[in-house]
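J.: A predicted structure for the sequence below; I have some questions about it.
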Protein chains: 2
Amino acid sequence: MNVSRFLLAGLALGAAGVLSAKIVTKPVAYEHAGVKPGVLVIPEWWGLTDYPKGRAEQLAKLGYVAFAADMYGAGVTTLDPKKAGELAGQFYGKSLMADRARAGLDQLLTTGLVDPTRVAAIGYCFGGATAQVLAYSGAPLAGIVSFHGALVPASAEAAAKNHAKFLICHGAIDPFVKPEEVTAFMKSMEDGKFDYQFINYAGAVHAFSNPGADAIAKTTGLPIAYNAAADRRSWAHMRGFFAEIFKAKK
Amino acid sequence: MNVSRFLLAGLALGAAGVLSAKIVTKPVAYEHAGVKPGVLVIPEWWGLTDYPKGRAEQLAKLGYVAFAADMYGAGVTTLDPKKAGELAGQFYGKSLMADRARAGLDQLLTTGLVDPTRVAAIGYCFGGATAQVLAYSGAPLAGIVSFHGALVPASAEAAAKNHAKFLICHGAIDPFVKPEEVTAFMKSMEDGKFDYQFINYAGAVHAFSNPGADAIAKTTGLPIAYNAAADRRSWAHMRGFFAEIFKAKK
């Protein structure tokens, strides 16, 4: 079997502010067998920890060219919610959020391994919101998947620029996302005529897909928890979504 | 390949009231190759039209023992919303709803073709609500799937009796189901610790899975419409759900 596996992790991008300019790429497994669908993986607000790297690896094993972006640069990670809030806070509501993610996407695209018409972005928590914003910026994405992401309502301008289909995998009782935020987000999707799916998973809270969430909850006191069923199901839903969007673009 | 296909359509069950007592079964394709997962199909408020029969046939082709129930008895169908409302209205809020569906389920189980630990019910509109209520009654179901169904919040008693996992496939802008009904339903699922998934499909209204919905909308003026993407995706989600619940019961 001729399998193409390619994964880049640890991309650190130049930027103003606290973030230093540096590019670190780490090819993991690579056999060239023609271009493949590409998937950009955008981490939680903790930065490029082992968790998003592991997701990129899983995707590479499925035959995608997976690329885990380092939004903070220089491999900065933290498990301190205050620090994470500061780091992620630099991006929310600013063009830097889409720009930084776009730099990661461009790295993925310039590998030459990726079919540029079959590219998706996925993201976790902060990264889920970033994937939404990247799509809103008009990035050439067939789709995005947000796992327990913050929800950023789409503006009319975003709707006009967007090319991506949306899959939102949401913890039904995520205390970080208020019911009125869900309502406002879905309304903006409908108003902008987005092609989206919004899935609520039973009993799931923030960070439901991260097997390390319980340990983090213990040290930080954050109301987050791993949920095996929601993790397994959302991953399966992502795979079905990819099958659809990457087939349509063939 | 040794494929077991078995489908029963046109079951008419005895009942009081306007519904006559009669059983009509119609085996369609059948090769015995051991017991299989079974799926009860519960029609829209139009009764046992070609649409649910076609769904049962699709399921039979996938290798399930599918059984389309005639909730009204004697093959009564209508495309008149007033008449349909009267027919369906006999069931809502009454034990007859679960009882009638249970009689259909029992027919399916007594075929001897079905693994009794791997049985699901699916339903459309009125039938989706019926599938929920059947599960609430404690019926031996591994799961239920509701397609653009009315939403019946689960009581504490229902939660105590229920064995089924729930997959709710919902039109995001279904005008027949108010946002506060969605909220109340999901709250009851959480309160009752149900294992559920609630999926909203973009731009989808009532009857989104029925290719005949547009024609019915034309003659009736009802705000219903077919939505090809929501139809395709909800069917795929059902298949993934079945793969999970039937595997777990093996």
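T.: On my side now, so go ahead.

J.: Is it correct that A:Thr49 is in contact with A:Pro43?
T.: Yes: the pair A:Thr49 / A:Pro43 is scored as a contact, 6.7 Å apart, by C-beta atoms under 8 Å. C-beta coordinates here come from the backbone N, C-alpha and C atoms, glycine included.

J.: what about these two, which has more around it?
T.: A:Pro43 (25 against 17; other C-beta atoms under 10 Å in any protein chain shown).

J.: Quick check: the closest residue in space to the more buried one that isn't next to it in sequence vs B:Arg118, distance?
T.: Once flanking residues are discounted, A:Pro43 sits nearest to A:Pro52: 3.9 Å by C-beta to C-beta, 6 or more residues apart in numbering or on different chains. As judged by C-beta to C-beta, to the nearest Å, A:Pro52 and B:Arg118 stand 37 Å apart.

J.: repeat for A:Gly240
T.: 22 Å.

J.: quick one: which of those two has more around it?
T.: The residue with more neighbours, out of A:Gly240 and B:Arg118, is B:Arg118; 23 against 17, by other C-beta under 10 Å.

J.: Which neighbouring elements make contact with the lengthiest helix in chain A?
T.: Scanning chain A for the helix with the most residues, using DSSP state H, yields helix A:228-248. In terms of contacts (3 or more C-beta pairs under 8 Å, 6 or more residues apart in numbering or on different chains; DSSP states H and E), helix A:228-248 is packed against strand A:36-42, strand A:114-124, strand A:143-147, strand A:165-171, strand A:196-201, helix B:228-248.

J.: Contacts only, for the most centrally placed residue in chain A.
T.: The structure's chain A has its C-alpha centroid closest to A:Gly123; by C-alpha atoms, centre = their mean the separation is 1.5 Å. Each residue near A:Gly123 by C-beta atoms under 8 Å, 6 or more residues apart in numbering or on different chains is listed here: A:Val41, A:Ile42, A:Pro43, A:Ala129, A:Thr130, A:Ala131, A:Ile144, A:Val145, A:Ser146, A:Phe147, A:Gly149.

J.: Alongside chain B, which residues does chain A contribute?
T.: A:172-173, A:179, A:183, A:186, A:189-190, A:193-203, A:229, A:233, A:236-237, A:240, A:244 (C-beta under 8 Å from any C-beta of the partner chain).

J.: which of those count as buried?
T.: Buried subset of the residues of chain A next to chain B (neighbour count, 16 or more other C-beta atoms under 10 Å in any protein chain shown): A:172-173, A:186, A:189-190, A:194-203, A:229, A:233, A:237, A:240, A:244.

J.: Run the chain-centre distance for stretch A:240-247.
T.: Stretch A:240-247 sits 16 Å away from the centroid of its parent chain (C-alpha atoms, centre = their mean, to the nearest Å).

J.: ugh, wrong one, stretch A:65-79
T.: The answer for stretch A:65-79 is 11 Å, by C-alpha atoms, centre = their mean.

J.: end-to-end on that stretch?
T.: 28 Å (C-alpha to C-alpha, to the nearest Å).

J.: If we go by neighbour counts, what in it is buried?
T.: For stretch A:65-79, by 16+ other C-beta under 10 Å, it's A:65-78.

J.: Just give me the least confident of these.
T.: Lowest pLDDT of these: A:Ala74, 84.

J.: Confirm that that residue sits in a strand.
T.: No: under DSSP: H, G, I helix; E, B strand; the rest coil, A:Ala74 falls outside any strand and is assigned coil.

J.: Give me the phi and psi angles of it.
T.: phi 60, psi 20 (degrees, to the nearest 10).

J.: how many neighbours does A:Ala217 have?
T.: A:Ala217: 17 surrounding residues under other C-beta under 10 Å.

J.: Spatially, what comes nearest to it if we skip its sequence neighbours?
T.: Per C-beta to C-beta, 6+ apart, closest to A:Ala217 is A:Ile224, 5.0 Å.

J.: quick one: contacts for that neighbour?
T.: By C-beta under 8 Å, 6+ apart, the neighbours of A:Ile224 are A:Val205, A:His206, A:Ala207, A:Asn210, A:Ala213, A:Ile216, A:Ala217.

J.: now the helices for chain A?
T.: Going by DSSP H, chain A shows helices at A:50-61, A:81-89, A:95-109, A:126-136, A:156-161, A:179-191, A:213-220, A:228-248.

J.: quick one: buried residues of the shortest one?
T.: The reference is to helix A:156-161. A:Ala158.

J.: which helices and strands sit right next to that helix?
T.: helix A:126-136, helix A:179-191.

J.: so what does the last one touch, helix or strand wise?
T.: It stands for helix A:179-191. For helix A:179-191, the packing partners by 3+ C-beta pairs under 8 Å, 6+ apart are helix A:156-161, strand A:165-171, strand A:196-201.

J.: the inter-axis angle of the longest one versus strand A:196-201?
T.: Just to be clear, that refers to strand A:165-171. 20 degrees (axes from the mean of the first three to the mean of the last three C-alpha atoms, to 10 degrees).

J.: mind listing what strand A:165-171 pairs with, with the direction of each?
T.: Sheet partners assigned to strand A:165-171 using DSSP bridges are listed as strand A:143-147 (parallel), strand A:196-201 (parallel).

J.: got the ones you listed as CSV, with mean pLDDT columns?
T.: Output for the strands paired with strand A:165-171, formatted as CSV (pLDDT from 0 to 100):
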stretch, mean pLDDT
strand A:143-147, 98
strand A:196-201, 98
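
J.: Now distance to B:Gly112 too, for these, in a markdown table please.
T.: Compiled in a markdown table, the strands paired with strand A:165-171 are given as follows (distance: least, C-beta to C-beta, whole Å):
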| stretch | distance to B:Gly112 |
| --- | --- |
| strand A:143-147 | 43 |
| strand A:196-201 | 36 |
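
J.: Pass me the low-pLDDT residue ranges in chain A, would you?
T.: For chain A, the stretches with pLDDT under 70 are A:1-34, A:248-250.

J.: go with 50
T.: A:1-5, A:10-32, A:249-250 (pLDDT under 50).

J.: Tell me who's in contact with A:Arg55.
T.: A:Arg55 sits next to A:Val41, A:Ala66, A:Ala68, A:Ile122, A:Tyr124 when contact means C-beta under 8 Å, 6+ apart.

J.: Go again with 6 Å.
T.: Listed by C-beta atoms under 6 Å, 6 or more residues apart in numbering or on different chains, the contact partners of A:Arg55 are A:Val41.

J.: do you know how far it is from A:Ala66?
T.: 8 Å.

J.: okay, now A:Ser155: neighbour count?
T.: A:Ser155, neighbours per other C-beta under 10 Å, totals 13.

J.: Just want the phi and psi numbers for it.
T.: The phi/psi pair for A:Ser155 (degrees, to the nearest 10) is phi -80, psi 170.

J.: Kindly tell me how buried the closest residue to A:Leu222 other than its chain neighbours is, as a neighbour count.
T.: Leaving aside its sequence neighbours, A:Leu222 sits nearest to A:Pro81 (C-beta to C-beta, 6+ apart; 6.0 Å). Neighbour count of A:Pro81, defined by other C-beta under 10 Å: 16.

J.: closest one to B:Ala158 among the helices of chain A?
T.: B:Ala158 lies closest to helix A:228-248 among the helices of chain A, at 20.6 Å (C-beta to C-beta).

J.: Can you give the contact residues for the closest one?
T.: Under C-beta under 6 Å, 6+ apart, the answer for helix A:228-248 is A:37, A:118, A:142-143, A:145, A:147, A:165, A:167, A:169, A:201, A:204, A:208-209, B:236, B:240.
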